[in-house]
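> this one's sequence-less:
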């Protein structure tokens, strides 16, 4: 008679991730036998929304795909239209677009690292609970996220679902005085980010290797 024990762990609603899904793990004699991820978020049909619309509407429509990373979708739409029309964007505008991307990366990565993952490393259920024991860490993270939002707001016209990107460039380039208003906060953000990299490097990352097929 087999003495092996089998059990299944079911997480029917994954928390602290974008989208909706469930995760099931089958364990036999203390070893994982099978793991399955079920994405049950329904289709959103953005491709259908775009049919019959004017080309200049594509960046604004696709930005609505995500509230955390709208720039990625918006830029992809703008680049696709520019490629289709044979439009080449000059380097100054490319640099500004890159900066807009950087603003999104800052706010998105800070959210990911310090409010979604750090609680797991430090043994907390969520970022709110973690803030009780590590208020300075959470305050710095939120301030850094605000810096990323400020860059997106300046170049994109607003923090969520930017409206300033168009095929061929931007509708409006911010004046010099608006850039200057961010300088001191960006200096603080640079120094704080470097310090947080040092802090993050000391977290107890598991010694884990896995073979993947792509």
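All right, it came through fine. Just so you know, these numbers come straight off a predicted model, no measurement behind them.
> In this structure residue 131 contacts residue 141, no?
No: between residue 131 and residue 141 there is no contact, the gap being 9.5 Å when judged by CB atoms under 8 Å. Any C-beta I mention is one placed from the backbone N, CA and C, and that applies to glycine too.
> Between those two, tell me which one has more neighbours.
Legend: neighbour count by other CB atoms under 10 Å for residue 131 and residue 141, higher for residue 141 (22 against 18).
> Excluding covalently adjacent residues, which one is nearest to the more buried one?
Spatial nearest neighbour of residue 141, excluding adjacent residues (CB to CB, 6 or more residues apart in numbering): residue 114 at 3.7 Å.
> so who does that neighbour touch?
Applying CB atoms under 8 Å, 6 or more residues apart in numbering, one finds that residue 114 lies in contact with 127, 137, 138, 141, 196.
> By neighbour count, which of those residues wins?
residue 141 (22 neighbours).
> Pull the contacting residues for it.
Per CB under 8 Å, 6+ apart, neighbours of residue 141: 110, 113, 114, 115, 118, 196.
> Find the centremost residue of this protein, please.
residue 108 (3.6 Å; CA atoms, centre = their mean).
> shouldn't that residue be in contact with residue 149?
No: assessed by CB under 8 Å, residue 108 is found out of contact with residue 149, at 10.2 Å.
> before we move on, back to that, so the residue nearest to residue 141 sits in a helix?
Yes: using DSSP: H, G, I helix; E, B strand; the rest coil, the assignment for residue 114 is a helix.
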